[in-house]
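Chemist: Quick check, what structure comes out for this input:
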Amino acid sequence: MRNIGYQMRLGCSAFFGDAAIAFVMIIGNYVYMRYLGEDGVAAFSIACYCFPVVFNVGNAIVVSAQPIISFAYGVGNSERVGLALKLGLLTAIGVGLSGILLMSIGSPLVASLFLDAECNAYHIAIDGLPIFGVGFLFIAINLMMVGYMQSIKRARDAAFYTFMRGYVLVLLAFMVMPSIWGVSGIWAAMPSAEFVTTMLLLVHHFVFGRRRRHNNARILSN
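Modeler: The predicted structure follows:
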């Protein structure tokens with residue numbers, strides 16, 4: 001029962017993350033329908049097909065690194081924990097940058113797989129997909145950081161940031177960004193939410209790491 005409790009607590013962030021995909025699609029459909037009508041929803045549906053691909057690739061990086069990080073953390077090998085985290089982040093950044101490049105250069109090709117080049121939705125998609133694709137970098141980083149928190153038994157932090165990025169921040173972004181940047185702001189809503197989450201995660205990581213090193217140094221000095 002204790003192990004089941006641990007699994008449920010550590011798995012909360014994964015549950016929130018998977019469910020957030022559906023939440024983003026539902027909210028996005030409502031916003032695109034309001035501002036751009038059916039053509040906007042058709043264009044957004046292409047992003048909805050691309051988003052899970054990036055999410056799953058990023059998640060594959062996480063689940064590959066987690067056994068190494070959790071084992072090294074369990075035996076007190078902080079150097080190996082840091083190395084695995086660094087390698088995971090570098091891989092995630094590489095995947096994210098590849099996604100940005102694909103959307104920047106290949107948005108007409110991606111859009112043509114789903115829509116006819118003569119329809120209005122196609123032109124909405126090729127204008128918006130490069131903006132939406134910027135979020136792929138931050139998605140990959142956020143997944144890696146949350147997975148790292150899970151691996152070192154910081155389940156509450158992992159669940160908190162997953163809930164923030166997948167629900168609270170993305171909802172606020174969809175409410176605020178269109179009024180600031182118009183149609184482009186709709187496409188930028190998800191990347192904006194992911195970017196804010198990345199900044200919060202990095203600040204949290206460095207502050208927590210500095211505090212932990214300070215506590216370890218104090219214990220050694222005593």
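
Chemist: residue ranges for the strands of the protein, please.
Modeler: If DSSP state E is used as the criterion, the chain turns out to lack strands entirely.

Chemist: And the residue nearest the centre of it?
Modeler: In the chain, the residue lying closest to the centroid (CA atoms, centre = their mean) is residue 139, at 2.4 Å.

Chemist: just checking, residue 99 touches residue 133?
Modeler: Yes. Proximity of residue 99 to residue 133 meets the contact threshold set by CB atoms under 8 Å, at 5.7 Å. Where you see a C-beta, it was placed from the backbone N, CA and C, and this is true even at glycine.

Chemist: Now do the same contact list for residue 136.
Modeler: Listed by CB atoms under 8 Å, 6 or more residues apart in numbering, the contact set of residue 136 reads 54, 95-96, 99-100, 103.

Chemist: try 10 Å this time
Modeler: Residue 136 makes contacts with 50-51, 53-55, 57-58, 92, 95-103, 190-191, 194, as judged by CB atoms under 10 Å, 6 or more residues apart in numbering.

Chemist: do residue 155 as well
Modeler: Applying CB under 10 Å, 6+ apart, one finds that residue 155 lies in contact with 6, 8-13, 149.

Chemist: One more pass at 8 Å, please.
Modeler: In this structure, residue 155 makes contact with 9-10, 12-13, 149, judged by CB under 8 Å, 6+ apart.
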